[in-house]
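Student: coords please:
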Amino acid sequence: MEIQEENWVLISIIGKGRERRDGARGYEKTRYVFNAKSENEYLTKETAFFGIGLLEYLKDVEKLNIDKFIVVGTDKSAWSELLMVIPPEEQQSESISDLYLKVYEQESAKDEEEGVSEEILKKWEMTLQNFLPILRLHRVKPLDFKVYLDIILKELEPQKKYNVVFDCTHGFRYIPIVFSYALMFSKYLRNIDNIRIFYGAFEMKDYFLHRENYSPAIEVGFVNEAVKLIESMSTFENSGYFSSLLDCIGIKNTEETYFKIEMNRQPWREVEKIIEELGSKKQLSENFYIEEISDYLLKEFSELNRQNRLYLRMFKRAQFFFRRNQYLKALILLYEAIILLFADVYGIKDVMNYDSREESRKKIKTEIHNSKIDPEKNRLIKDKDEAEIYRTLEYVRNAAAHGSEPRTNQNYLLNLKAFNDLFNLASELFEKMLKRKDELKR
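Tutor: Reported below is the predicted structural model:
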């Protein structure tokens, strides 16, 4: 299989800035400190726009090959601060100086109707790209919340694999929040491996550093873990797949256990080991969220472990999938649960064997026949209505599983309400059969 090359993309928000001490409008200049107070401490060149300092750090220290540097702002954003990507000796050229002044004048306009035009911003982008080809500028309307997802999808190609670095320092306070959610959603439409978020903490310099003209650069390190937790919990809630969620809280190598459960095997020692590890996590974790997740999963696995018969586990999983609208899985599991329940009641051994299951089906057919003439002979099916529910369930299951024409009312395969009604009736029948089974032992 061909290994995909990883592409790194840096996305920054650029805001309006404010009036500086020198009377100009824009951001205050500072030197950003990465890995503060460690042996890997790194000081950037002086800059007013954190995105430029972050780009410098990623390239010079982490040695990342940044494929795109995307900057997003409004018509009032301080686009002129990007002059710093141009070497000082080139900034004084007449064409660059004239264009810079136009950008600065438009972004500083007092009239709310004025601002940096698309035409001027495009010229500014093309000029800057002569010195930084990876730069992309996007002008957005302040209250167009959906545009951020559009930008991500347009800039990131479907066939490539990406790592995204997001700079949430500047801009209106809500923009990084909206952008963060857009990034999380875009993981489902683009191949995004990791998301890293950085913040240039200009206002925290006294708290962290106590040095004049130095500001800490902070990586918000929990983001990837939080995204994986969200995705893993959602996957578990919708499919029952638990391995990735267990992995997030430090319980590894459960993929084979999940596979065996899906294949209706009985890996009880492995399940008991997971229960033990969850109990330990619940008791010893330093974080409440891990304790909460562990407790939640502990209840699920303990319930699974209590279902000491395969037909009970199948019935429980049938209900699980039915509640999550996975109708085919639910249908097949409920049907098989009834067959295995009959096998247990009639003492048929080795239910994993095909012949044993066929023998169980014969017992069902016998009880269906008896329901018409002498239902008292039956152990589980007590009348014609119950027989008809099972037969309808069987016909619908066969038609759905094989894609064939049903031997019953096709409405069960075309109308959701009709299917739901049948499934609920068959579930109630299974529960009645369970009670009858217990009564047989008395």
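
Student: Let me see the mean pLDDT of the longest helix seen in the chain.
Tutor: The helix that spans the most residues within the chain, counting by DSSP state H, is helix 416-441. Averaged across helix 416-441, pLDDT comes to 95.

Student: do stretch 396-405 as well
Tutor: On average, stretch 396-405 scores 94.

Student: same question, stretch 227-244
Tutor: Stretch 227-244 comes out at a mean pLDDT of 94.

Student: just the CA coordinates of it, formatted as CSV?
Tutor: Taking Å, rounded to 0.1, in the frame of the first residue of the first chain, the C-alpha atoms of stretch 227-244 are listed here in CSV:
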residue,chain,number,x,y,z
VAL,A,227,-11.3,15.2,19.5
LYS,A,228,-10.4,11.5,19.8
LEU,A,229,-12.6,11.2,22.9
ILE,A,230,-15.5,12.9,21.1
GLU,A,231,-15.1,10.6,18.0
SER,A,232,-14.6,7.5,20.0
MET,A,233,-17.6,8.1,22.3
SER,A,234,-19.8,8.9,19.3
THR,A,235,-18.6,5.7,17.6
PHE,A,236,-19.4,3.6,20.7
GLU,A,237,-22.8,5.2,21.2
ASN,A,238,-23.7,4.5,17.6
SER,A,239,-22.1,1.2,16.8
GLY,A,240,-21.0,-0.4,20.1
TYR,A,241,-17.3,-0.4,18.9
PHE,A,242,-15.4,0.1,22.2
SER,A,243,-11.7,-0.4,21.4
SER,A,244,-10.9,3.2,20.4
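
Student: how far out from the middle of the chain is that stretch?
Tutor: Distance, stretch centre to chain centre, for stretch 227-244: 8 Å (Cα atoms, centre = their mean, to the nearest Å).

Student: show me where the stretch 101-250 of the chain has helices.
Tutor: Secondary structure of the stretch 101-250 of the chain (DSSP state H, counting those that start in this stretch): helices at 118-129, 147-155, 174-186, 205-208, 223-239, 243-248.

Student: deepest of these, which one?
Tutor: helix 243-248 (a mean of 19; mean count of other Cβ atoms under 10 Å). C-beta: built from backbone N, CA, C; applies to glycine.

Student: Can you list the helices and strands that that one packs against?
Tutor: Judged by 3 or more Cβ pairs under 8 Å, 6 or more residues apart in numbering; DSSP states H and E, the packing partners of helix 243-248 are helix 223-239, helix 255-262, helix 288-306.

Student: Recalculate using a threshold of 7 Å.
Tutor: Packing contacts for helix 243-248, counted by 3 or more Cβ pairs under 7 Å, 6 or more residues apart in numbering; DSSP states H and E, involve helix 223-239.

Student: So what touches the helix it packs on?
Tutor: Helix 223-239 has contacts (Cβ atoms under 7 Å, 6 or more residues apart in numbering) with 184, 194-197, 241-242, 244-245, 248, 324.

Student: change it to 6 Å
Tutor: 184, 194-195, 197, 241-242, 244-245, 248, 324 (Cβ atoms under 6 Å, 6 or more residues apart in numbering).

Student: just for the protein, where's the confidence low?
Tutor: Scanning the chain for pLDDT under 70 picks out the ranges 1-4, 17-26, 208-210, 442.

Student: Report the separation between the residue nearest the centre of the chain and Asn238.
Tutor: In the chain, the C-alpha nearest the mean C-alpha coordinate belongs to Glu231, at 2.8 Å (Cα atoms, centre = their mean). Spatial separation of Glu231 from Asn238 under the definition Cβ to Cβ, to the nearest Å is 11 Å.

Student: so where do the strands sit in this structure?
Tutor: Along the chain, the segments classed as strands by DSSP state E run 6-13, 18-19, 25-26, 31-34, 42-43, 66-73, 135-139, 161-167, 191-200, 214-219.

Student: Now do the last one: which elements does it pack against?
Tutor: In this structure, strand 214-219 packs against strand 31-34, strand 191-200, with contacts taken as 3 or more Cβ pairs under 6 Å, 6 or more residues apart in numbering; DSSP states H and E.

Student: neighbouring contacts of the shortest one?
Tutor: For strand 31-34, the surrounding residues in contact (Cβ under 6 Å, 6+ apart) are 42-44, 46, 53, 57, 200, 214-217.

Student: just the buried members of these?
Tutor: Buried positions within these, assessed by neighbour count (16 or more other Cβ atoms under 10 Å), are 42, 44, 53, 57, 200, 214-217.
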